[in-house]
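Visitor: No letters, just coordinates:
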């Protein structure tokens, strides 16, 4: 899975309170520091992505002494993470688990995963600082980044051409195009504001310069979800919603699917993985969409946020951490491993040297009319800016987003006010978990 929506969030989040601790000094020196066995081992790996078995099969064929057994979890997202936290004390977790970037701090805080620096070495020569920031905390590395998901703008080139419009390069141009499109046909919209996708809004806030969480020392946190940058983003979209220039229909709803397919929506602020989702959403429009860099707040600025992304982490319960880390690094860093991910899981790699692999020279089938699709993704990925760190309770923040923004849309109140609710909910939960909040 390359995105985070409400459907990936577990309904039960109370288990995250199992350990009221900070991110530093959380890793135990138990089985996670065990020496390599030197003999034949079998690693248990949990992952929900389709096509991953083929990747594992390639590893197993080349590594007879380190075999990997893939298991699909009964639930994705926080359903899985909560189970990992619960099972950690019982020692029954797999050796390796898939984990989305925003959820990794919760697993670190609950001592579920271990640093793997001594096994994977220095990664700075292969991954950007912003990507490494998703897996590194207090100078320790907890995973090898698998993919990077820069936000981009998808638009119906045929409809834009018929109106004499080009892809907007700034948010001012986006607003002007929104007005022009709706004036030409009141049934059409340039896009939508979605209250169902907190990761979507987080990526837009990242582009604007927001930094929702920061940690100082070993036990001090600052939370700034309702900062000026985030409110600028909310006010911008709120203005478009109030003027009826964008649809308030959330992503992934049945109506949104219909609107994307029938031309009601002629644009979508999405992310790199969009073409993997669009065939099941707008199947009748294949070959009609074009991807462009996300509009900028200032002309010429290439800063862009991310929406989605994940890594693999080695668990504290693993008796074979060296072998587990070797598998993780092969999959997300080696030419063979990344090539397999591209072919079988449709990953756009975070590994910069592997962003020019021959497998990426062919665009996704849905974007067959844009042969340079992956070249564009590699270019926009250079401008990725992320939060310096995700908070240890991002699930609470994300849940609050959906509730607060949905209420604002329904009650026709300022969208920026929903950020105050997110701030209050997040801080209250962190204090309940035992974190110290400053500011």
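Guide: It's in. Computed from a predicted structure; not experimentally measured.

Visitor: For stretch 410-426, list every residue counted as buried.
Guide: Using 16 or more other Cβ atoms under 10 Å as the test for burial, stretch 410-426 gives 414, 415, 416, 417, 418, 419, 421, 422, 423, 425, 426. C-beta here means a position set from N, CA and C on the backbone, and glycine is covered the same way.

Visitor: swap in stretch 208-222?
Guide: By neighbour count, with 16+ other Cβ under 10 Å as the criterion, the buried positions of stretch 208-222 are 208, 209, 210, 211, 212, 213, 214, 215, 221.

Visitor: and these as a markdown table, adding secondary structure and pLDDT?
Guide: Conversion of the buried residues of stretch 208-222 to a markdown table gives the following (DSSP: H, G, I helix; E, B strand; the rest coil; pLDDT from 0 to 100):
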| residue | secondary structure | pLDDT |
| --- | --- | --- |
| 208 | helix | 98 |
| 209 | coil | 98 |
| 210 | coil | 98 |
| 211 | coil | 97 |
| 212 | coil | 98 |
| 213 | strand | 96 |
| 214 | strand | 93 |
| 215 | strand | 89 |
| 221 | strand | 93 |
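
Visitor: re the thing from before, between the buried residues of stretch 410-426, which is nearest residue 62?
Guide: Comparing those against residue 62 with Cβ to Cβ picks out residue 426 as the nearest, at 44.3 Å.

Visitor: so the closest one sits in a helix?
Guide: Yes. Under the criterion used here (DSSP: H, G, I helix; E, B strand; the rest coil), residue 426 sits inside a helix.

Visitor: From residue 392, how far out is it?
Guide: When distances are taken as Cβ to Cβ, to the nearest Å, residue 426 and residue 392 turn out to be 10 Å apart.

Visitor: okay if I get the buried residues of stretch 410-426 as JSON lines plus pLDDT, secondary structure and distance to residue 310?
Guide: Formatted as JSON lines, the entries for the buried residues of stretch 410-426 read as follows, by pLDDT from 0 to 100; DSSP: H, G, I helix; E, B strand; the rest coil; distance: Cβ to Cβ, whole Å:
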{"residue": "414", "pLDDT": "96", "secondary structure": "coil", "distance to residue 310": "33"}
{"residue": "415", "pLDDT": "97", "secondary structure": "coil", "distance to residue 310": "28"}
{"residue": "416", "pLDDT": "96", "secondary structure": "helix", "distance to residue 310": "30"}
{"residue": "417", "pLDDT": "97", "secondary structure": "helix", "distance to residue 310": "32"}
{"residue": "418", "pLDDT": "98", "secondary structure": "helix", "distance to residue 310": "27"}
{"residue": "419", "pLDDT": "98", "secondary structure": "helix", "distance to residue 310": "26"}
{"residue": "421", "pLDDT": "98", "secondary structure": "helix", "distance to residue 310": "28"}
{"residue": "422", "pLDDT": "98", "secondary structure": "helix", "distance to residue 310": "23"}
{"residue": "423", "pLDDT": "98", "secondary structure": "helix", "distance to residue 310": "26"}
{"residue": "425", "pLDDT": "98", "secondary structure": "helix", "distance to residue 310": "25"}
{"residue": "426", "pLDDT": "98", "secondary structure": "helix", "distance to residue 310": "22"}
